[in-house]
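In: Quick one: sequence plus predicted model below, questions after.
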Amino acid sequence: MKIATWNVNSINARIPRVTEWLSEASPDVALLQELKCVDEKFPRTEIEDLGYNIVTHGQKSYNGVAILSKHPIEDVMIGLPGDDSDEQARYIEATINTVRVASIYLPNGNPYPGEKFDYKIGWMDRLIERAKYLLTLEEDFVLAGDYNVCPKDEDCYDIVRFANDALVQPELRDRFYTLLNLGLTDAFRAFTPSGRNYTYWDYQAGAWQKDNGVRIDHLLLSPTAADKVIKCEIDRTPRGKERPSDHTPIWCELSL
DNA sequence: ATGGTTGTGTTACAA
């Protein structure tokens, strides 16, 4: 089962890119972030016509996450537990073919330091608690999306330039490592242990052409899911097209 | 060079 994640930076602006990618890459499950629209404005029919079931957790103008699946989508959970006052649409979870999947859009956290950074820290602590709970079930799960975290310096094209950016701060890296130490596997690093392999390039200053990117989109696998993963790759193709998202998809294949 | 771009949705804010 092929599971992909992609921050599309507006599903309505990106629908030509998304439909061509779904047709060509043909993931069983696609986890999308930054829909930037309410559920009623999600372009359902264009995607349903390609054979996908859809669940969305939208929000006007900002954030928004979705799960697309060629297989039935069961037991949908909207929102990350742990803060009833949090109204930002950044988390949706469901079961597909016995695999629990989550589409995650972690807060960006800039400027650092500040309230937005503190919100990001709190959000990540809640994600850690959710991961701990899911681990007690001892089932396959994949927590995938835009983590807005560079785990190591090599995941950033210019660490000096990013010294004061929220993406690389040690408080966040520590929490990312906490997820790994709980037993989760960074699927990409399981197959590509080191190297500069990015998933996001700024629209500005020719970042894509110069490969000035960061690796911030991740697929974290439960122990039993990690036993089944046979491939994980970044698909750079969509980033090079006309009117692209600033992120590109990353996917893994589970042998169920 | 304290720059540059894209999106939402109105001209500011987020990324």
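Out: Yep, it's here. Numbering: from 1, shown residues only, chains lettered A, B, ... in the order given.
In: and A:V214, bridged to which residues?
Out: Counting by DSSP bridges, A:V214 is bridged to A:C156, A:Y200.
In: Relative to A:K70, how far out is it?
Out: Look at A:V214 and A:K70: by Cβ to Cβ, to the nearest Å, they are 30 Å apart. From N, CA and C alone the C-beta is placed, and that goes for glycine too.
In: Residue numbers of the stretch 1-150 of chain A in contact with DNA strand B?
Out: By the rule Cβ under 7 Å from any atom of the strand, the part of the stretch 1-150 of chain A lying against DNA strand B is A:9-10, A:12-14, A:36-37, A:60-63, A:107-108, A:110, A:116.
In: Go through these and name the one nearest A:A163.
Out: Distance to A:A163 across those (Cβ to Cβ) is lowest for A:N110, with 12.8 Å.
In: For the residue nearest to the closest one when sequence neighbours are not counted, grab phi and psi.
Out: Once flanking residues are discounted, A:N110 sits nearest to A:A166: 4.5 Å by Cβ to Cβ, 6 or more residues apart in numbering. In terms of degrees, to the nearest 10, the main-chain angles of A:A166 are phi -60, psi -20.
In: Next: A:A30.
Out: According to degrees, to the nearest 10, A:A30 has phi -120, psi 120.
In: Which residue, neighbours along the chain excluded, lies closest to it?
Out: Per Cβ to Cβ, 6+ apart, closest to A:A30 is A:L68, 4.2 Å.
In: For the one you found, list the residues it contacts.
Out: A:22, A:27, A:29-32, A:47, A:52-54 (Cβ atoms under 8 Å, 6 or more residues apart in numbering).
In: repeat that for 10 Å
Out: Applying Cβ atoms under 10 Å, 6 or more residues apart in numbering, we find A:L68 in contact with A:4, A:18, A:22, A:27-32, A:47-48, A:50-56, A:103.
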